[in-house]
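K.L.:
Fold the following.
(2 chains)
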Number of protein chains: 2
Amino acid sequence: MTLLLLLLLVVSFSATGNWAQESQVWMWVCQEGKCVKQPLDRDMTPQGLQACKLVCDTYSTLWPRPRGKVELGRILAPINYNSITITGTSGDHRALSKNVGQFFNIAADTFSNQLTTLFKKREQRPSDGKSLQVRVTIRDSYTRALKIGSDESYELYISEADTEIQASIISTEFFGARHGLETLHQLITFDDVTDSLVIMRDVNITDSPAFPFRSLVLDTARNYFSVASIKRTIDGMAASKLNTFHWHLTDSHSFPFQSQTYPQLSLYGAYTPQQIYTPQDILSVVEYARARGIRVVPEFDAPAHVGEGWQWAGPNVTVCVNAQPWINYCVEPPCGQLNPTNDTVYEILGGIYHDMFALFEPDIFHMGGDEVNFGCWRSSPEIVNWMTSHHLGQTDDDYLQLWDIFQKRAYTKVVEANGGKEIPIVLWTSHLTAQGTVDKYLDNKTYIIQIWTKGSDKVIAELINKGFRVIFSNYDALYFDCGFGAWISEGNNWCSPYIGWQKVYMNNPYTMLTDLGVDISPGTEARELVLGAEAALWSEQVDESSVDGRFWPRAAAMAERLWSNPDEGWQKAEYRMLAHRERLVRQGIQAEALEPQWCYQNEGSCPE
Amino acid sequence: MTLLLLLLLVVSFSATGNWAQESQVWMWVCQEGKCVKQPLDRDMTPQGLQACKLVCDTYSTLWPRPRGKVELGRILAPINYNSITITGTSGDHRALSKNVGQFFNIAADTFSNQLTTLFKKREQRPSDGKSLQVRVTIRDSYTRALKIGSDESYELYISEADTEIQASIISTEFFGARHGLETLHQLITFDDVTDSLVIMRDVNITDSPAFPFRSLVLDTARNYFSVASIKRTIDGMAASKLNTFHWHLTDSHSFPFQSQTYPQLSLYGAYTPQQIYTPQDILSVVEYARARGIRVVPEFDAPAHVGEGWQWAGPNVTVCVNAQPWINYCVEPPCGQLNPTNDTVYEILGGIYHDMFALFEPDIFHMGGDEVNFGCWRSSPEIVNWMTSHHLGQTDDDYLQLWDIFQKRAYTKVVEANGGKEIPIVLWTSHLTAQGTVDKYLDNKTYIIQIWTKGSDKVIAELINKGFRVIFSNYDALYFDCGFGAWISEGNNWCSPYIGWQKVYMNNPYTMLTDLGVDISPGTEARELVLGAEAALWSEQVDESSVDGRFWPRAAAMAERLWSNPDEGWQKAEYRMLAHRERLVRQGIQAEALEPQWCYQNEGSCPE
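P.N.:
Presented below is the predicted three-dimensional model:
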């Protein structure tokens, strides 16, 4: 009897509306900050899940959540998909400069495409509702490349007028305006219960990032990644307000970077003739990133992590290449290091740097400098002889001096490539940056140190205390390749287990420094030295087939840490994280699922 | 000076040939069973990597490797891409029956498409070389659905005649012929050094699987998977000679199966109106799988693992649905079980079974039966009262009897749905199948037990000793969802760590049984009871965004274990595994990378 009655009820739904309504039997009601699933009741001004989420959480579905003032009206206004306009002007009400105007058009197109992803079918796009007028003001209408010190802040206002919804974004530089459009699009959704495109009304947001350096590094040498997959990674970064793509272009395994000065490097060193990055490829990635508020930091890792590609350069340019047993000469096969005593090395490095600077026009350059193995250098009679003839011994300290000589000569070539101008250099933590050593060899005005040891490593405090700027890539939270099967043997890879998004989210640079006894109160120099963090994807066991899932949504967890640096734990961010993951997937990024979709639909019913 | 000389050498390469040759500087030479990279020497009859791999390994790049006679000529003959014909005839030299003919055409198209994936560009397809004539003979030209006892064996011969290469495939049933075409395509590759499509000559293979049940299970209830992603999974299975797709269609989280008898189930229980499997969807998957030699085994999991979708059916049909704290009533939220004391349950089950049987026409049916929680049933006053009125107490033994009542009544409904015919039923290991219990409740003629405990669980020996057929899904090697971040809390999920392909490969049912003291010598009844194994993908933390990478290539590691059951360890299979992974990627399956591409190009230089 009950069964029959409910069947009739279902049929009566079918009679009421269009295709979407026909099969909807649930609605969501915001109760105590959570969206609660209830039987659909059309007498109640019902809302679907997405619309409910937009109004229910303190921070709506914004990711990363804004850091400054956040006033959200919590009222949704229907807008007409076919009546959305976006205009950009400079601070003095003139047109944007051609260069920034180009980028602005790309940002506006991205915004428009993001809205389109809300609809599964073209017929869903609503043509009723008010028009939406988006007015973007960029005070400095000329700056197009992000650099240290760039202003990424923006203000966003949304209000309702008689016939239209007005959204206003104001920023100093293009980067802030672009962030503002990302935020604006996150305040719009399609309600599949009322079939309307809805926007949050009465919004007043002032926003800027907590950390200036918010980065991912992709290793395109252990395995190759197509330009398309790199651009997809950049899409996810832009959607999450990350601002730096660190490109680990080469390694001992392969040399996909096509140098115009030394084309032999990729001819010999690319995995196949097709798996290269031509100058056109690089330019297209750099420009694609810039238009999305992202700088590309190229890395040429040296003096270790070289090998393939250098075969043509002569016998003593590189040493211990593919030496066996590898364990004596490097951390993983194939081994290989440059010979710092060979002048040809610096000649070729100069050419590589020259080509990289011409393409990337970087504001920061990464010289690698990790995992130099003295056993490798010691295996070369030429190097051993050179050490002797230069009154150096065979101890680790002697080889540190050799490394120092290399680093200084190589840096000279970098400055030459940069038109004679100094440029900030990033180096990985290594013997050279070890406790008691770092300031002996490196100058804190030039060198930024990227930490890849654990977040509890005491060297971090020393680096800060000695005035070095630092970037956190502590492997215990930010190495996204951890947790898979081993390839060197059986079992699991070296930095297992897998790092869940919760741990990434809680990886707070300030907390790590405080735990190490460093005072990072606002206003201290120590605090200013923390540039930010970077999640790493070393690619021994990943290529473009699964790059999306390795980065996303975990990279977004880091993005909120670095943009908002919230006091609250991941539990408060969980449902926004799930919403952002869905958003990434809609935008074509194959982000990993974190939980059953049931949890997304039943907030608070899955444990935290 | 050296540098200049080598530059000239490079330029001289450029002058010699077409686009591919221009940028090739390496060739591969087979030495002691390994392909060794060497500078390209066109005086040496050079080979590229793929061509070398085809001739170099004992089992070529075949995956799974054939189990019977394998004679490989190790000589490659160029063939003309535009002159390949495939014909199929029945044992008496007549045309194939319409039904099998349809499937044969699909298999021939798949073969042809697989060859096309060898070329990155259309211009590469060689039109010189001999023609290839593929003649397929299927003795039984009528059987189109795989069942227990189907003959999957085939013979494959490749020989060279004056003007053509002749490949002959002979099988008893369609399934073997299809396997033969998979094997044949694996013996053809594109050599990018000589720009030729090459086939292995002088081949004589007799092949059949070690285990009859080689399966994957996908859970489409915790998260939803599109039909396209399911078909992609089936593509990978076909390419790896797996033969069973077990579809865990529903669970407590969602009910995507659209029942024609009770459409309310998916109306209320699907995540969204779009995330359902319509009868047309199911039919298309079942037919797609059949044409690829794969049976689909549907599972309707009961009496636990139900909840969403049953809301319309009345208050006492299900119990403890989404009860909190969940830990008291189920293994993960949301909780929910059927009420075995309510007649409506069996009425609705009958409808579901009826609809499933009509669509799937299964030869084996899966009734789930896992993780029944007596605390859930005890929380229902109706059930407690019913127990009392039926002279049952409240002990676990009493509730086992209730479960037994459920299972028997439900099975009656299954037989009804199967037109009154008995059918083999699979159940997961559970309280019902525990030591000392299993034969009390279940009949070994009807029930096949699927083991999901560890491979060292003593119950496995008891099941075999009591005459039950078993399927291994021991979670320590075959749960492919293990090793990711937790969703119930922080840290990692319950069955972490991640299971590498090596462990999957070494997961030998016979070895596990021998270790448990069971004699599984050839000819024993015990050996016959081991149907095979199934890798599981529970989908709490995966959806179609990363389904490919979770299954592949690990499912292929299981496939070789079950097809070939090799005596050797994974080390002997490593380079073939890498080759098969590349093949899967070429065919559109986003399989995980296992190692740096450098290892693929430098066999033996990466450690084992």
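K.L.:
Only C-alpha atoms from now on, for both contacts and neighbour counts.
P.N.:
Fine.
K.L.:
could you give the mean pLDDT of the longest helix seen in chain A?
P.N.:
If you go by DSSP state H, chain A has its longest helix at helix A:396-417. In this model, helix A:396-417 has an average pLDDT of 98.
K.L.:
contacting residues around that helix?
P.N.:
A:303, A:340, A:346, A:349-350, A:353-354, A:357, A:374, A:392, A:421-423, A:431-432, A:441 (C-alpha atoms under 8 Å, 6 or more residues apart in numbering or on different chains).
K.L.:
quick one: stretch A:314-322 near chain B?
P.N.:
Yes. Stretch A:314-322 reaches chain B (C-alpha under 8 Å from any C-alpha of the partner chain) through A:314, A:322.
K.L.:
for that stretch, which positions count as buried?
P.N.:
For stretch A:314-322, the neighbour count (16 or more other C-alpha atoms under 10 Å in any protein chain shown) marks A:316-322 as buried.
K.L.:
thinking again about what came up before, list only buried entries from the contacts of helix A:396-417.
P.N.:
A:303, A:340, A:346, A:349-350, A:353-354, A:357, A:374, A:392, A:423, A:431-432, A:441.
K.L.:
quick one: the helices in the stretch 251-400 of chain A?
P.N.:
Here the stretch 251-400 of chain A has its helices, by DSSP state H, counting those that start in this stretch, at A:264-269, A:279-290, A:343-360, A:374-378, A:381-389, A:396-417.
K.L.:
what about the longest strand in chain A?
P.N.:
strand A:76-90 (DSSP state E).
K.L.:
which residues in the stretch 1-150 of chain A form strands?
P.N.:
Assigned by DSSP state E, counting those that start in this stretch, the stretch 1-150 of chain A shows strands spanning A:26-31, A:34-39, A:70-71, A:76-90, A:130-138.
K.L.:
per-residue confidence at the residue lying closest to residue A:281 once chain neighbours are set aside?
P.N.:
Closest residue in space to residue A:281, ignoring its immediate chain neighbours: residue A:227 at 6.9 Å, by C-alpha to C-alpha, 6 or more residues apart in numbering or on different chains. What the model reports as pLDDT for residue A:227 is 98.
K.L.:
same deal with residue A:1?
P.N.:
29.
K.L.:
Next, count neighbours for residue A:244.
P.N.:
Applying other C-alpha atoms under 10 Å in any protein chain shown, we find 26 residues neighbouring residue A:244.
K.L.:
what does residue A:412 give?
P.N.:
Using other C-alpha under 10 Å: residue A:412 sits among 16 other residues.
K.L.:
Now do the strand or helix carrying residue A:536, average pLDDT.
P.N.:
Element membership for residue A:536, per DSSP states H and E: strand A:530-537. For strand A:530-537, the mean pLDDT works out to 98.
K.L.:
Which strands or helices does that strand pack on?
P.N.:
strand A:213-219, strand A:469-472, helix A:475-478, helix A:509-515, helix A:554-563 (3 or more C-alpha pairs under 8 Å, 6 or more residues apart in numbering or on different chains; DSSP states H and E).
K.L.:
Name the residues that touch it?
P.N.:
Under the criterion C-alpha under 8 Å, 6+ apart, external residues in contact with strand A:530-537 comprise A:211-219, A:469-473, A:478-481, A:509, A:550-551, A:555, A:558, A:562.
K.L.:
quick check, distance from that strand to the centre of its chain.
P.N.:
9 Å (C-alpha atoms, centre = their mean, to the nearest Å).
K.L.:
do whichever helix or strand comes after that strand and chain B meet at all?
P.N.:
Sequence-wise, the next helix or strand downstream of strand A:530-537 (DSSP H and E) is helix A:547-551. Yes. On the criterion C-alpha under 8 Å from any C-alpha, helix A:547-551 is in touch with chain B at residue A:549.
K.L.:
and helix A:547-551, how far from the chain's centre?
P.N.:
Using C-alpha atoms, centre = their mean, the offset of helix A:547-551 from its chain centre is 11 Å.
K.L.:
sorry, back to before: winner for burial among the strands of the stretch 1-150 of chain A?
P.N.:
Ranked by mean neighbour count, those are led by strand A:130-138 with a mean of 22 (mean count of other C-alpha atoms under 10 Å in any protein chain shown).
K.L.:
Please name every helix or strand in contact with the very next helix or strand once past that one.
P.N.:
Where DSSP H and E defines the elements, the next helix or strand beyond strand A:130-138 is strand A:154-160. Applying 3+ C-alpha pairs under 8 Å, 6+ apart, we find strand A:154-160 packed against strand A:164-171, helix A:174-186, strand A:203-207.
K.L.:
As JSON lines, these with mean neighbour count would be great.
P.N.:
Output for the helices and strands packed on strand A:154-160, formatted as JSON lines (neighbours: other C-alpha atoms under 10 Å in any protein chain shown):
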{"stretch": "strand A:164-171", "mean neighbour count": "23"}
{"stretch": "helix A:174-186", "mean neighbour count": "26"}
{"stretch": "strand A:203-207", "mean neighbour count": "20"}
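K.L.:
Which one of these lies nearest to chain B?
P.N.:
helix A:174-186 (21.2 Å; C-alpha to the nearest C-alpha).
K.L.:
and the direction of the closest one versus that of strand A:203-207, what angle?
P.N.:
140 degrees (axes from the mean of the first three to the mean of the last three C-alpha atoms, to 10 degrees).
K.L.:
other SSEs contacting helix A:174-186?
P.N.:
helix A:98-116, strand A:130-138, strand A:154-160, strand A:164-171.
K.L.:
In JSON lines: those, plus mean pLDDT.
P.N.:
Listed next are the helices and strands packed on helix A:174-186 as JSON lines, based on pLDDT from 0 to 100:
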{"stretch": "helix A:98-116", "mean pLDDT": "96"}
{"stretch": "strand A:130-138", "mean pLDDT": "97"}
{"stretch": "strand A:154-160", "mean pLDDT": "97"}
{"stretch": "strand A:164-171", "mean pLDDT": "98"}
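K.L.:
of the ones you listed, which approaches residue B:72 most closely?
P.N.:
Within the helices and strands packed on helix A:174-186, the stretch nearest residue B:72 is helix A:98-116; the backing value is 53.9 Å (C-alpha to C-alpha).
K.L.:
Run through who's touching the closest one.
P.N.:
A:86, A:88, A:95, A:141-144, A:174, A:178, A:181-182, A:185, A:188-189, A:291-292, A:587.
K.L.:
CA atoms only: put it into PDB for me.
P.N.:
Taking C-alpha atoms only, helix A:98-116 is exported to PDB below (Å, rounded to 0.1, in the frame of the first residue of the first chain):
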ATOM      1  CA  LYS A  98      47.700  45.500 -25.900                       C
ATOM      2  CA  ASN A  99      49.800  43.000 -24.000                       C
ATOM      3  CA  VAL A 100      47.700  42.900 -20.900                       C
ATOM      4  CA  GLY A 101      44.600  43.100 -23.000                       C
ATOM      5  CA  GLN A 102      45.600  39.900 -24.700                       C
ATOM      6  CA  PHE A 103      45.900  38.200 -21.400                       C
ATOM      7  CA  PHE A 104      42.700  39.700 -20.100                       C
ATOM      8  CA  ASN A 105      40.800  38.200 -23.100                       C
ATOM      9  CA  ILE A 106      42.300  34.800 -22.300                       C
ATOM     10  CA  ALA A 107      41.100  35.200 -18.700                       C
ATOM     11  CA  ALA A 108      37.700  36.200 -19.800                       C
ATOM     12  CA  ASP A 109      37.500  33.200 -22.200                       C
ATOM     13  CA  THR A 110      38.600  30.900 -19.400                       C
ATOM     14  CA  PHE A 111      35.800  32.400 -17.200                       C
ATOM     15  CA  SER A 112      33.300  31.800 -19.900                       C
ATOM     16  CA  ASN A 113      34.500  28.300 -20.600                       C
ATOM     17  CA  GLN A 114      34.300  27.500 -16.900                       C
ATOM     18  CA  LEU A 115      30.700  28.500 -16.800                       C
ATOM     19  CA  THR A 116      30.000  26.300 -19.800                       C
END
